[in-house]
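[1] Sequence first, predicted model second:
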Amino acid sequence: MSQHEISSEVNIKHCWELIQEGIASRKSNYHIMTLGYLNNNHPRCINLIPRKLCEKSAIINVHTDIRSQKVAHLKNQPHISCLFWCKYKKIQLSLSGVAKLRHHDELTLKTWKSMRQMSKICYCADIPPSTKSSERTTGFTKKTWEDRQVIAETMHPYDNFAIVQLHIHCVERLHLSASGHEKIKFTLGPDSRWTHQWLAP
Ligand SMILES: Cc1cc2nc3c(=O)[nH]c(=O)nc-3n(C[C@H](O)[C@H](O)[C@H](O)COP(=O)(O)O)c2cc1C
């Protein structure tokens, strides 16, 4: 195969498969994704769990609290970067795109209804994320913590639930190997087709 041909394994589909593997399995190193975003022009990185990937539209969904800092910042500056790394496969995926927020709509409602009680509890916290506190806080006042199982069964915490959709435009795959590292960049064109470009690692 010539250097300019793309091997069957190294294509955008393979990158999506790794992310799908992370979504499906907690044991996968791709289960946790690092999201980079701008917080008033200052870069900030946080870990998030990718919950769903639509390969056709190249959208990754993550779940969050509408009251969190990132929501306000992503509204102002929606450009994002996502980073995945598996130390066993030795493949890093660096994605970039734009975040769009979903709240109180068909998608969030359908997702909420499919969520486990345990996952809903996070959204029952009555002290908004990043609220300053003079003492340690879990984000729950005593009474709310005691009642959390009951509250999670109501639609009250649904008000706090949001989905951030990461619209991916570019995927860079770096494979570290003793037989030679390799890097390839996939870019989504205006015709919705992915093109690739090999790069020196
Ligand atoms: C392993 C791990 C997974 C996490 N998953 C999520 C998640 O899916 N959604 C979320 O909002 N925060 C998640 N967090 C917490 C975020 O990293 C972050 O601290 C929080 O969302 C507040 O971020 P913000 O201040 O930028 O809004 C996770 C943290 C860790 C360590």
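    The structure has been received and is ready for your questions. Only a predicted model underlies this, so the values are computations on that prediction, with no experimental measurement involved.
[2] where does this protein have low pLDDT?
    Along the chain, the model assigns pLDDT under 70 to residues 1-9.
[3] other SSEs contacting the strand ranked longest in the chain?
    Of all the elements of type strand in the chain, the one with the most residues (DSSP state E) is strand 161-175. When contacts are defined as 3 or more CB pairs under 8 Å, 6 or more residues apart in numbering; DSSP states H and E, strand 161-175 packs onto helix 12-24, strand 59-65, helix 69-76, strand 79-86, strand 91-103, helix 106-114, strand 182-188. Just so you know, the C-beta spots here come from the backbone N, C-alpha and C atoms, and that holds for glycine as well.
[4] That strand and the ligand in contact?
    No. On the criterion CB under 6 Å from any ligand atom, strand 161-175 is out of touch with the ligand, staying 8.2 Å away.
[5] Convert the C-alpha atoms of that strand to CSV, please.
    The C-alpha trace of strand 161-175 is given here as CSV (Å, rounded to 0.1, in the frame of the first residue of the first chain):
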residue,chain,number,x,y,z
PHE,A,161,-30.6,18.4,33.6
ALA,A,162,-29.0,19.5,30.4
ILE,A,163,-27.4,17.8,27.4
VAL,A,164,-24.4,19.4,25.8
GLN,A,165,-24.1,18.3,22.2
LEU,A,166,-20.6,18.4,20.9
HIS,A,167,-20.7,18.8,17.1
ILE,A,168,-17.4,17.4,15.9
HIS,A,169,-15.7,18.9,12.9
CYS,A,170,-12.2,17.5,13.2
VAL,A,171,-10.6,14.3,14.6
GLU,A,172,-6.9,13.8,15.0
ARG,A,173,-5.7,10.3,15.7
LEU,A,174,-2.2,9.7,17.0
HIS,A,175,-0.9,6.1,17.3
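[6] Adding distance to residue 151 and mean neighbour count, write the helices and strands packed on strand 161-175 out as JSON lines.
    Output for the helices and strands packed on strand 161-175, formatted as JSON lines (distance: least, CB to CB, whole Å; neighbours: other CB atoms under 10 Å):
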{"stretch": "helix 12-24", "distance to residue 151": "27", "mean neighbour count": "17"}
{"stretch": "strand 59-65", "distance to residue 151": "14", "mean neighbour count": "19"}
{"stretch": "helix 69-76", "distance to residue 151": "21", "mean neighbour count": "16"}
{"stretch": "strand 79-86", "distance to residue 151": "31", "mean neighbour count": "18"}
{"stretch": "strand 91-103", "distance to residue 151": "19", "mean neighbour count": "18"}
{"stretch": "helix 106-114", "distance to residue 151": "14", "mean neighbour count": "12"}
{"stretch": "strand 182-188", "distance to residue 151": "41", "mean neighbour count": "17"}
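[7] and the ones you listed as CSV, adding distance to the ligand?
    As requested, those are arranged in CSV below (distance: least, CB to the nearest ligand atom, whole Å):
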stretch, distance to the ligand
helix 12-24, 11
strand 59-65, 3
helix 69-76, 3
strand 79-86, 12
strand 91-103, 12
helix 106-114, 13
strand 182-188, 24
